[in-house]
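A.B. asks: Generate a structure from the sequence data that follows.
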Amino acid sequence: ALALNGTPLRSRPLLVQAKNNRVCQNAAFTLAEVLITLGIIGIVAAMTIPTLISKYRHKVLEMSFKKTYANLQNAFRAVIADDYPVYVLNPTDSRPDGDPNFDSEFGRELRLKYRAQTKIDGRQKAAYEKSIKNYTRTKQAGIPQCSQFLSSASAFMAADGSVLSVAQNCGALWVTVDTNGIFNGPNAMGHDIFLFYAPNGTSTLVPATTESEGTYDEDGNFHYNNTEENKNKCSKNAKSAVNGITCAQYAVVNKCPDGTAETYWECLP
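C.D. replies: A predicted model of the protein is given here:
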């Protein structure tokens, strides 16, 4: 077809194609829109990623606890089945309830059944004790006075990296575990460090519901510090220097110690 001046008219398909090209050009994002979108994504990520990471870490701690607890109970029952006495009374004039025994026969057998064979040396103990935090992970934790974690001769590491320490003291057999070992964090009571005990006259290992703590005066003399204020040893609000040491009782039943509807691992500080 020709125009009035004799020049050919453009075909209809070319006109449609031109319109489509203009539509595509108009649909593109501007630089400002892209930057705004990226900014929103960054804000959302900054708000959600820390929460996701925290949940993942707590889940890892939960799995480590369940594995360690199951292995510990199996080992304890195996030693009981071999008729080893849980607690051997060794009274002295100064200690009618018995002097501490950090290398009891039951403890050695428990270590063997648990397959904890690598002894923690003095240098490792000292560095580890300095790294241990309380339940809220806000300050260095004190040393529990009955269980004496890692102060005993029977503090050993298992093949899976977990650590087992056994001590006969304060009228009970005390068993402390670090579920992921001394070289992995968070090294905090109630997170990866848990305490169990078998009181004298029993043959069952249960989560510890009590533990002693103390302080040293200017002359280096030790004094027990078991006041009413320090009685609670598993709470975000507890004042105890060993806050978190009795948290195993809540971890076993998966219940938040501070009374919320969350599970134990969901409410970890």
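A.B. asks: For the closest residue to Lys125 other than its chain neighbours, give its distance to Asn237.
C.D. replies: Closest residue to Lys125 apart from its sequence neighbours, by C-beta to C-beta, 6 or more residues apart in numbering: Leu150 at 4.8 Å. Backbone N, C-alpha and C define where each C-beta goes, glycine included. For Leu150, the distance to Asn237 equals 27 Å [C-beta to C-beta, to the nearest Å].
A.B. asks: who's more crowded, these two?
C.D. replies: Shown here are Leu150 and Asn237; by other C-beta atoms under 10 Å, Leu150 has more neighbours (22 against 8).
A.B. asks: who touches stretch 126-137?
C.D. replies: Outside of stretch 126-137, the residues within contact range by C-beta atoms under 8 Å, 6 or more residues apart in numbering are 120, 139-141, 143, 150, 182, 186-191, 193, 234-236, 238, 240-244, 247, 269.
A.B. asks: Just the buried ones out of the residues you listed, please.
C.D. replies: Taking 16 or more other C-beta atoms under 10 Å as the criterion, what is buried in those is 120, 141, 143, 150, 182, 186-191, 193, 234-235, 238, 240-244, 247.
A.B. asks: Select from the residues you listed every entry located in strands.
C.D. replies: Ile193 (DSSP state E).
A.B. asks: neighbouring contacts of stretch 200-210?
C.D. replies: 72-73, 76, 80, 86-87, 89, 147, 171-172, 174-175, 194-198, 233, 245-246, 248-249, 251-252.
A.B. asks: State the phi and psi torsions of the residue lying closest to Phe76 once chain neighbours are set aside.
C.D. replies: In space, and not counting its chain neighbours, Phe76 is closest to Leu205: 4.6 Å by C-beta to C-beta, 6+ apart. Main-chain dihedrals, Leu205, degrees, to the nearest 10: phi -90, psi 120.
A.B. asks: What of Val177?
C.D. replies: Per degrees, to the nearest 10, the backbone of Val177 is at phi -130, psi 140.
A.B. asks: burial measure for it, as a count.
C.D. replies: With other C-beta under 10 Å as criterion, Val177 counts 27.
A.B. asks: isn't it right up against Val163?
C.D. replies: Yes. Assessed by C-beta atoms under 8 Å, Val177 is found in contact with Val163 at 6.6 Å.
A.B. asks: residues near Val166, how many?
C.D. replies: A count of nearby residues for Val166, using other C-beta under 10 Å, gives 27.
A.B. asks: Report how many residues lie close to the residue lying closest to it once chain neighbours are set aside.
C.D. replies: The spatially closest residue to Val166, leaving aside those adjacent along the chain, is Gly107, at 3.4 Å (C-beta to C-beta, 6+ apart). The tally of other residues near Gly107 (other C-beta under 10 Å) stands at 26.
A.B. asks: I'd like the average pLDDT over the helix or strand hosting Gly107.
C.D. replies: Assigned by DSSP states H and E, Gly107 falls within helix 105-114. Helix 105-114 shows a mean pLDDT of 94.
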